[in-house]
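Chemist: sequence unknown, structure follows:
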């Protein structure tokens, strides 16, 4: 759902790559190490807000989240979204914080906003799968995980979850 923590600092001033190019490369990455490097570049593009104010607020969001002060993190994210509503990673981070608070309704609403803006957001799709699985909607969770894997075939743990849910939802071959 969320980017690796150290990427928020790395995103400032980093060279950006075309997301289309990166997603194309991700699908054909020859090994896990290559895939992880491409994933990190995608996260860097997503994290780059283009606003010093948003960047500052997002660093405070990270600190608040690390301190488990989720209410403060949400207030800060509300401000980021008000400043820059098209900034996908603010929506995704808020979805993550709501998830951590077990406020699945708000998390799902924010995931919908992420996916409306960036349908290839494998973090949001994985998060969607997690929430749907936790609320007992295994069929839709399986669909979300499969969509995430179609975008990033190298997601950690997701292939195992897909296999388990496939057996549960669709049954096992005899």
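Modeler: Yep, it's here. Bear in mind that the values here come from a model prediction, so they are computed numbers and not experimental data. Numbers count the residues shown, from 1 in each chain.
Chemist: so which strand or helix has residue 126?
Modeler: helix 122-134 (DSSP states H and E).
Chemist: right, I mislabeled it, should have said residue 163
Modeler: Assigned by DSSP H and E, residue 163 falls in helix 158-170.
Chemist: where in the chain is pLDDT low?
Modeler: By pLDDT under 70, the low-scoring segments of the chain are 1-17, 172-174.
Chemist: just the helices in it please.
Modeler: 7-10, 19-27, 32-47, 52-66, 70-83, 88-100, 104-117, 122-134, 138-151, 158-170 (DSSP state H).
Chemist: deepest of these, which one?
Modeler: Stretch with highest mean neighbour count among those: helix 88-100 (a mean of 25; mean count of other C-beta atoms under 10 Å). In short, each C-beta sits where N, CA and C put it, glycine included.
Chemist: contacts for that helix, please.
Modeler: 1-3, 46-47, 49, 54, 58, 61, 65, 68, 70, 73-74, 77-78, 80-81, 84, 104, 106-108, 110-111, 113-114, 117-118, 121, 123-124, 127, 130-131 (C-beta atoms under 8 Å, 6 or more residues apart in numbering).
Chemist: spatially central residue in the protein, please.
Modeler: residue 123 (2.5 Å; C-alpha atoms, centre = their mean).
Chemist: and it, how close does it get to residue 30?
Modeler: From residue 123 across to residue 30, the span is 22 Å (C-beta to C-beta, to the nearest Å).
Chemist: equivalent analysis for residue 114, please.
Modeler: According to C-beta to C-beta, residue 114 and residue 30 sit 29 Å apart.
Chemist: how about residue 41?
Modeler: Distance, residue 41 to residue 30, by C-beta to C-beta: 16 Å.
Chemist: go on, residue 132?
Modeler: 32 Å.
Chemist: with residue 138 instead?
Modeler: 32 Å.
Chemist: next: residue 127.
Modeler: Residue 127 is 27 Å from residue 30, by C-beta to C-beta.
Chemist: and residue 37, by the same measure?
Modeler: Relative to residue 30, and taking C-beta to C-beta, residue 37 is found at 11 Å.
Chemist: again with residue 24
Modeler: Distance, residue 24 to residue 30, using C-beta to C-beta: 14 Å.
Chemist: just residue 106 next, same as before
Modeler: Using C-beta to C-beta, residue 106 is found at 39 Å from residue 30.
Chemist: again, but for residue 120
Modeler: 20 Å.
Chemist: and these two? which has more neighbours close in?
Modeler: Between residue 120 and residue 30, residue 120 has the larger neighbour count (other C-beta atoms under 10 Å), namely 18 against 7.
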